[in-house]
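Chemist: only the shape, not the letters, is given here:
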Ligand code: ADP
C-alpha cells in the first residue's frame, strides 16, 4: 500500500507545527505513533524508552496497549530489535521476525499480539539515543521511504522530548526562584528584627556619652558612632518597610494631608545638600493648590526624600532639580526632575527592584543599598498609587508618582506624558 505523497507531507507538517504548542507530551507521542502506523501501512507502532539505570527498555507510548502487562513490561537490550537499534544507532527493517532472533518473542505473549515484521529507528536526544520508534506488521516489505519517514517522525519525538525537558527545567527553576525569594524575605525579616535592639542600645548609649563628654576630640568620635548607627537604623527601617508591605502587615495612618506642605518641607530638608553641590533646587506648585489627599504623610515624605536624595546624588555640580506638584481631578501628581546622569534604558524597569543599582553608577561610590526606590514603590502602592521613571542617559531623569484622591478611582496607565 502506498500513501499519496501530498497526504503524507500534510500529516508530517501538522505534527511539526504542533511541536511548538504541545500541551501534553503523552498525547503528542500518541499522535506520532498513529501517523507512523497509518503512513507506513503498519498494523501498530510503539515508542520504547531506554532506562539508563536499569539498562533496559520500557514502553513510553504504544498503540496496541492491551493492559498493564505490556505497560509494565521490560525489554532487554540484548535479544531485542530495540536493543539492536540502540546499540548500532541505526534503523533496521526485519520482514520476517520468526526467522530473526533479534525479536524479543516474550512480548507477543504478554500483549496477545503476533509480530510478523518490524521497522525500528533510533530517537536521538542531545546526541544520545534515548528511545526506539517501531512500527509493526506492514503487509508488504518496509521500503527506504518508510525508513525515511519513521526517521523524520523519530526526529520530531526527539524534539518533543527536548521541549518537555526544557519546560520542566523552567518550571523547577521558577520554583527555586520563588523559594529563594521567600528565604530572602524571611532572612531580611529576622535579621532586621534581631539588629534593631542592639542598634537601639548603641544609639542610646552613644547619645548619652555625647552629652557627658566635654572634649571636642571625643565628641567627634562619638558623633561618628551616632551618624553611622543612624545610617544603619535607616537601612533597617527601609528593609522592614518593604517587608511589612509584602507580608501585608503595614498599617497606614491616613488622614487629609497637604502634599504641597510635604514638598516644601522635604525640599527645605535637602537645601544644604543641594547648596553643597551648587545644584539649583526648585519647587513648582500652582499657587493656592494645597494638593489635599488622604494619605500617610510620613510615608509620602519618605518617598519624596528618597527621590530627591537620588536626584541630588546622581546630578553633577551646577545641575538643576525641580519638584512639581499638580492637582488633577482624580489624583495628585508629583514629579522630581533632574538634569543628571540619567539611567540606561535596560535598567529603567529594574531600578524599583529591591537591592538594584545601575552597574555604571556603582563606580560613583555613593552610599546606598538599592533600597530607596523599592521602599518608595511599596509606599506609593500602599496608597493605591503608581510610581514610575522616565530617563535619558546623559540628559536626566523624571520620577513621577500619582496618589488617588478617592481610592475607588482607577488611575491612568503609566508612564504617560502630561
Ligand atoms: P540607592 O539607595 O542605591 O540609591 P535606589 O533604590 O534609591 O537605591 O535607586 C536604585 C538605583 O537607581 C540607584 O543606585 C541608581 O543607580 C539609580 N537611580 C535612582 N535615581 C536616579 C536618578 N535620579 N538619576 C540616575 N540614576 C538614578
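Modeler: Happy to help now that I have it. Since we're looking at a predicted model, the values are computed, not measured.

Chemist: show me where this structure has its strands.
Modeler: Listed in chain order, the strands of the chain (DSSP state E) span 44-51, 56-62, 74-76, 92-94, 118-125, 128-136, 255-258, 280-285, 292-295, 320-327, 331-338, 386-392, 396-404.

Chemist: what pairs with the first one, parallel or antiparallel?
Modeler: Partner strands and pairing direction for strand 44-51 (DSSP bridges) are strand 56-62 (antiparallel), strand 128-136 (antiparallel).

Chemist: coming back round to it: mean pLDDT lowest for which of the strands of the chain?
Modeler: Among the strands of the chain, strand 56-62 has the lowest mean pLDDT, at a mean of 87.

Chemist: where does the stretch 101-250 of the chain dip in pLDDT?
Modeler: 242-250 (pLDDT under 70).

Chemist: residues of this structure that sit close to the ligand?
Modeler: Within the chain, the positions lying close to the ligand (CB under 6 Å from any ligand atom) are 306, 310-311, 314, 338, 340-343, 351, 356-358, 361, 368-374, 397. (C-beta placed from N, C-alpha, C; glycine too.)

Chemist: among the residues you listed, which lie within helices?
Modeler: 306, 310-311, 361, 372-374 (DSSP state H).

Chemist: need those in CSV (columns: neighbour count and distance to residue 103).
Modeler: Converted to CSV, these look like this (neighbours: other CB atoms under 10 Å; distance: CB to CB, whole Å):
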residue, neighbour count, distance to residue 103
306, 23, 75
310, 23, 75
311, 27, 79
361, 19, 70
372, 21, 72
373, 22, 69
374, 22, 66
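
Chemist: show me which pair in these is furthest apart.
Modeler: Spanning the widest gap among those are 311 and 374, at 16.9 Å by CB to CB.

Chemist: returning to that earlier point: which of the strands paired with strand 44-51 sits most buried?
Modeler: Mean neighbour count (mean count of other CB atoms under 10 Å) peaks for strand 128-136 among the strands paired with strand 44-51, with a mean of 23.

Chemist: tell me the angle of it relative to strand 118-125?
Modeler: The directions of strand 128-136 and strand 118-125 differ by 150 degrees, with axes from the mean of the first three to the mean of the last three CA atoms, to 10 degrees as the criterion.

Chemist: ok now strand 128-136, how far from the chain's centre?
Modeler: 36 Å (CA atoms, centre = their mean, to the nearest Å).

Chemist: show the residue spans covered by the helices in this protein.
Modeler: With DSSP H as the criterion, the chain has helices spanning 5-18, 25-40, 68-71, 81-88, 106-111, 144-212, 216-246, 259-269, 271-276, 297-313, 345-348, 359-362, 372-382.

Chemist: gap between the residue positioned nearest the centre of the chain and the ligand?
Modeler: The centroid of the chain falls nearest to residue 174 when counting by CA atoms, centre = their mean (6.7 Å). Remark: distance between residue 174 and the ligand (CB to the nearest ligand atom, to the nearest Å) = 25 Å.

Chemist: what does residue 319 give?
Modeler: Residue 319 is 10 Å from the ligand, by CB to the nearest ligand atom.

Chemist: dump the strands paired with strand 44-51 into JSON lines; add distance to residue 229 as well.
Modeler: Shown next, in JSON lines, are the strands paired with strand 44-51 (distance: least, CB to CB, whole Å):
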{"stretch": "strand 56-62", "distance to residue 229": "64"}
{"stretch": "strand 128-136", "distance to residue 229": "60"}
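
Chemist: done for today, thanks.
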